[in-house]
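In: got a sequence here, can you model it:
(chains A and B)
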Amino acid sequence: MEMEKKIGVYICEGCGIGEAVDIERIRKNGVPKKIEICRNHPIMCSPEGLELIKKDIADEGVNTVVIAACSRRVLYDVFDFGPVIVNRANLREGVVWSHKPQEDRISGEEGAPQVDQLIQEMAEDYVRMGIAEAEKVLPAEPYLEETINKKIMVLGGGVTGLSAALEVAKAGYEATVIEKTGKVGGFAAKMRKQTPSTYPYEELQAPVIDQIVKEAEAHPKIEIRTGTEIARLAGAPGIFDVTFKPAGTKSAWDVMSPEEEAAILEKMAEEGEGEEAAAKGGEPTPDSPATILVKNPEAESFGAVILATGWKPWEPKIEPEPAPEAESEEAKKAEAEEEPKEPEPTFEHLGLGQFPDVVTNVAFEEMAANGKILKPSSGKPAASVAFVQCGGQGTDEDFPYASAVTSMVALKQAKYVREDNPDGKAYIFYQHMRTPGQNEYFYKSAQQDDGIFLTKGEVVSVSGNGDGSLVLEAKDTLLGEKIKVNADMVVLGTGMVPMTKDEPVLNFAYRQGPAFRDLELFDGYPDSNFICFPYETRRTGIYAAGCARRAMGIQESMEDASGAALKAIQCIESAYRGVAVHPRSGDMTFPDFFFQRCTQCKRCTEECPFGALDDDEKGTPLPNPTRCRRCGTCMGACPERIVGFADYSIDSIGSAVKSIGVPEDDEENLRVLVLACENDAYPAFDMAGLNRLSYSPLVRIIPVRCLGSVNVVWIKDALSKGIDGILTIGCKFGDDYQCHFAKGSELLDIRMDKIGEALKSLALEKERVQQVQIAIDEYEKIPGIISEFVETIQGVGPNPFKGF
Amino acid sequence: MANSYLVEPDVNFVKQLKTMGGETLKKCYQCATCSVVCPISPDDRPFPRKEMIAAQWGLKDKLVGNMDVWLCHHCNDCSTYCPRGAKPGDLLNAVRAYSIQKYAWPSWLARIVPDARFWWLLLGIPVAIFLFILGVTGHLHIPEGEIEFAHFFPTLLVDIIFVPLATFWIPLVFGIGIYRFMKDIHANAVAEGKTRRKELNVPDFLKTVICTLPTILSHNKFSQCSQNKGRYLSHILVFFSFLGLFVVTNIFFVALYILRAPGPYPIFDPIGITTPVKLLALVSGIGLLVGSLLMLSNRLKDRGENIGKGSYFDWSLILVVLGLAATGLLSWFTRLLHIPSLAYPIYFTHLVFVFCLFAYLPFSKLAHLVYRTLAMAYSRYSEREPCE
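Out: Numbering: from 1, shown residues only, chains lettered A, B, ... in the order given. Predicted coordinates:
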């Protein structure tokens, strides 16, 4: 999209800007001569100031506005002039609020304002950078698919899935519920009772699932298919193509692993058929399914998916796995290099498998639903039952995947014991009794029962008494010693494992593979950012709810279903309008690829945290814009620099970098470029300014969409320009990552390693380019981070390329 | 670690404690705020956190015979600060009541005394005995002339009843109780590692009893309570009044049987010793009355917030002491005012109260006089607390 740019620059003097810097000098040094329209105003956001801008737009034909005032994070609605491009130069938070003038740096010509020279230079730079960037920015236009299907597929017919379908239907959308087993209702239909959902939250209540099933089955907008699984899910939000198959069968449309596919394609290539042929392919069969390049013409179309596949019980391991013998020296070496995995705890000492009266909480629930609780060994009533939440790990932890649900279930089942037998005794051994919110009332009510005995403690063994009863031994209890308890039955409180952990479930026909990616980051849960963006998974358009998202009870699952339903609807409507659904909700821009120069290196395909890119028949990356979250990781990854957004491109940021004024032959006045993630780091800088925390005026900060979008060419540009150091600041990564795009800051960290090598070859010090992690609330660390880096750079000395 | 302890919860014990004032015991969730705020708990193995879970699990052997239960003075600082409203102070009070019953002999009497259903029987026993003796000896009428209680109820008859009570009955019952109690608390202390002394050495232990007396007399444990300051005052009043009355009774016992000087003695007797003794009696009587009234009003005002609602076991003792003080003073005053129609019946009632106090002492809450003293001494004997 080409357009004749007419740029207007508007400098605000308010909020302390006019006092701290010389506006005239900004106009002289910061605004290139070619810019015809440049105005200043005491308060640019005032009606008079805005009128000034509007008048220029109307009368002078200004179509690109650079506002040098406050941060782009504030007053964006005030400085909105419709189809006009707006760019902001942050003089308030970024310059005058965050820098204290120093006496020794204050000077100025006679008659002109006396200002701190470094602060002045900073302001001039920001205006120049803002203009340079604005020159390269294009107006955004939405990406519109030809057709958008607004039907929602709900995967899983348990309490979450049915509740989600009902929410979808009540909102006026159609829902199709896919259930693997022969019957809807899920585990909720196999319970004796459920924990309370209404005041006073003390008594167990009859399961609500029957009512939900009836309602869902009767609703005209809901279709329920049982005994059905997904063979493959292709396409993208708004245009998903789903192929179903009878549960447990093989299908010609099953998705192979990327490795299997690669092997097939390679074989076909050897036989001279090539990938194009594979795309057309012969008739796929269950034993030789179609590759993901093949589109099933009979697939059904959906707009979004609610993932309500729930959980499976965590099975305590009984036998310790024998250590696999390394086959070769190499394998042994590789094993030694791998980080030693924490061995999964084993529980043979808890008697599961050895004594029929030791069962899991899932088995116990099914027994309870069938009537009075009887000992499996003898069929006699179980008068005393010990509920074990932990044991054998030697740590302060409950069994893996234990949660508030396992705590509540132990309390609930203890009440069953008391219901069935007035003299019954129920013991609960836990490391953590998790009863958040209203559940606390239920805990209290169970606690009030004279026959329910609770203690923290670790169960170390379960053995037989010889008379058919069991004896359980526990240590570190609240009773202050190692204790033994006789019990008719022992119930192990095993946790809930998300279905996504071990099975692909959705069978994505995506280049990145049939399962969710990076599942290890969240113990097999498919979330993309659990804290900030609930329901969103690592695949756009798929919204997890209920126990697929985290362990939760019936009531919570029903509430969660509403959230996912609304999110799915939002996704469809966003796809319909051609805007991003999240986290950059409403963003009209999307990555544009200049494929003529693509070398098919597939770095973008590999690195995209959301699997937005597939391949076309020729092996060229194939974007799926509605899968995209607009983080720009593809742009940062591309070595050919052929990816860009209308308002955010290699050129727009690169131009801003190149327009930074770098003083030559000045040992003291060095320049540091900061590329700050707009999600946490850039707001932290704004907050530092808001709190008048002062940092070095030698830095120039440019916000980026995500550190994943940082292309190394910007760093090269900066170094060749003579900038002395580059600091990238982004979100925390690793186990407790805070990156909005899951992997962005981590990916840049990997790229930075390579930059280090490149620097070395240029005889530049590695310290010149660094990465720091910060959270939004850590703004008080900003001055320290900046001064530490500036000192490092001052220690290393000026960039030798200065002036070249 | 030592051998495992086989836990066998006694649900009936839990239920019993609940009916004896510990009805909130199940609310505890073991945060240990109680042990932290308790001003008098020892640093080593502090109470009452561990007692709370023992009570929830119905572990009788960890509570009855546990000296810590007796170290507690029921300040209720713990109950005030308990975030769950579990009232550990009240629970320990209930355990003490239970323990008194358990250690007392004979057990049927131990069961009847704290049982509200039998109050009429307990009062009826002395009434019946007195009426029988008065009837047999022909004294069952209000005597003519100057009021002299001996004319109505001959001193000898009184002493035939009360001297054996005081010198035989009380020591016998307490003797049995003390034997069982000491055996248990020592065994418990050894089992729970509260003492290094495996054997209970009686002379050594008696020494610690003596070194405990200053603490008891000065009430300086009780005075550390920060809730219930009022209880400290009422308790110290009642305590020293009883002590005063004990002294007075003994002096007049000596006067009667050794000096052979029968009463009534004049109040104003400038040369004799009777004036100070009489004054002591008056002061003690008033002290007892005021002290017990204070206890009553403290509990009524509190409405179970800090002091605990209390059970019949608690209330009956206060009422007996109040009745004792009131009838004692009233019988004296009505005598001096020459109202025989009031003086004699009140005196009769007074004797009934005295009988109740004496005969039921080892079964009533007042037994804490012995058990708490022993537990405090044992705490020093086991070196959990220093001897003063």
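
In: so what does the helix or strand containing residue B:359 touch, helix or strand wise?
Out: Assessed by DSSP states H and E, residue B:359 sits inside helix B:340-360. Helices and strands touching helix B:340-360, as assessed by 3 or more Cβ pairs under 8 Å, 6 or more residues apart in numbering or on different chains; DSSP states H and E, comprise helix B:119-136, helix B:149-152, helix B:155-164, helix B:312-336. The C-beta positions use only the backbone N, C-alpha and C, and glycine is treated the same way.

In: nearest to residue A:114 among those would be which one?
Out: Nearest to residue A:114, of all these, is helix B:312-336, at 83.7 Å by Cβ to Cβ.

In: ok, back up a step: can you say which of the helices and strands packed on helix B:340-360 is nearest to residue A:633?
Out: That would be helix B:312-336 among the helices and strands packed on helix B:340-360, by Cβ to Cβ, at 73.7 Å.

In: distance from that closest one to the middle of the chain?
Out: 15 Å (Cα atoms, centre = their mean, to the nearest Å).

In: hang on, the earlier thing: dump the helices and strands packed on helix B:340-360 to JSON lines, plus distance to residue B:265.
Out: Formatted as JSON lines, the helices and strands packed on helix B:340-360 follow (distance: least, Cβ to Cβ, whole Å):
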{"stretch": "helix B:119-136", "distance to residue B:265": "24"}
{"stretch": "helix B:149-152", "distance to residue B:265": "12"}
{"stretch": "helix B:155-164", "distance to residue B:265": "13"}
{"stretch": "helix B:312-336", "distance to residue B:265": "12"}
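
In: can I get these in CSV including mean neighbour count, distance to residue A:154 and mean pLDDT?
Out: Formatted as CSV, the helices and strands packed on helix B:340-360 follow (neighbours: other Cβ atoms under 10 Å in any protein chain shown; distance: least, Cβ to Cβ, whole Å; pLDDT from 0 to 100):
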stretch, mean neighbour count, distance to residue A:154, mean pLDDT
helix B:119-136, 14, 70, 94
helix B:149-152, 18, 94, 88
helix B:155-164, 15, 87, 91
helix B:312-336, 20, 63, 94
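
In: nearest to chain A among the ones you listed would be which one?
Out: Chain A sits nearest to helix B:312-336 of all the helices and strands packed on helix B:340-360, at 21.0 Å, using Cβ to the nearest Cβ.

In: and residue A:512, what is it in contact with?
Out: Residues near residue A:512 by Cβ atoms under 8 Å, 6 or more residues apart in numbering or on different chains: A:258, A:605, A:606, A:608, A:611.

In: what is the rounded mean pLDDT of stretch A:253-268?
Out: Stretch A:253-268 comes out with an average pLDDT of 84.

In: what does stretch B:377-388 give?
Out: Mean per-residue pLDDT for stretch B:377-388: 88.

In: what's the closest of the helices and strands packed on helix B:340-360 to residue A:184?
Out: helix B:312-336 (59.1 Å).

In: which residues are in contact with the closest one?
Out: By Cβ under 8 Å, 6+ apart, the list of residues contacting helix B:312-336 reads B:20-21, B:93, B:97, B:114-116, B:119, B:147, B:149, B:238, B:241, B:264, B:285-286, B:288-289, B:291-293, B:295-296, B:299, B:308, B:342-343, B:346-347, B:349-350, B:353-354, B:356-357, B:364-366.

In: again, only this time at 6 Å
Out: Helix B:312-336 has contacts (Cβ atoms under 6 Å, 6 or more residues apart in numbering or on different chains) with B:97, B:114, B:116, B:147, B:285, B:288-289, B:292, B:295-296, B:342-343, B:346-347, B:349-350, B:353, B:356-357, B:364-366.

In: and those, which are buried?
Out: B:97, B:114, B:147, B:285, B:288-289, B:292, B:295-296, B:342-343, B:346-347, B:349-350, B:353, B:356-357, B:364-366 (16 or more other Cβ atoms under 10 Å in any protein chain shown).

In: buried ones in the top helix by length along chain A, by neighbour count?
Out: Counting by DSSP state H, the longest helix found in chain A is helix A:554-577. Buried residues in helix A:554-577, counted by 16+ other Cβ under 10 Å: A:554-558, A:560-576.

In: could you list the low-pLDDT ranges of the stretch 601-750 of chain A?
Out: Under the criterion pLDDT under 70, no range of the stretch 601-750 of chain A is flagged.

In: okay, helices next: where are they in it?
Out: A:603-607, A:633-637, A:650-658, A:681-690, A:712-721, A:744-761 (DSSP state H, counting those that start in this stretch).

In: now the third one against helix A:712-721, angle please.
Out: Taking axes from the mean of the first three to the mean of the last three Cα atoms, to 10 degrees, one finds helix A:650-658 and helix A:712-721 inclined to each other by 30 degrees.

In: which residues touch helix A:650-658?
Out: A:129, A:132-133, A:136-137, A:641, A:644, A:702, A:711, A:714, A:717-718, A:721.
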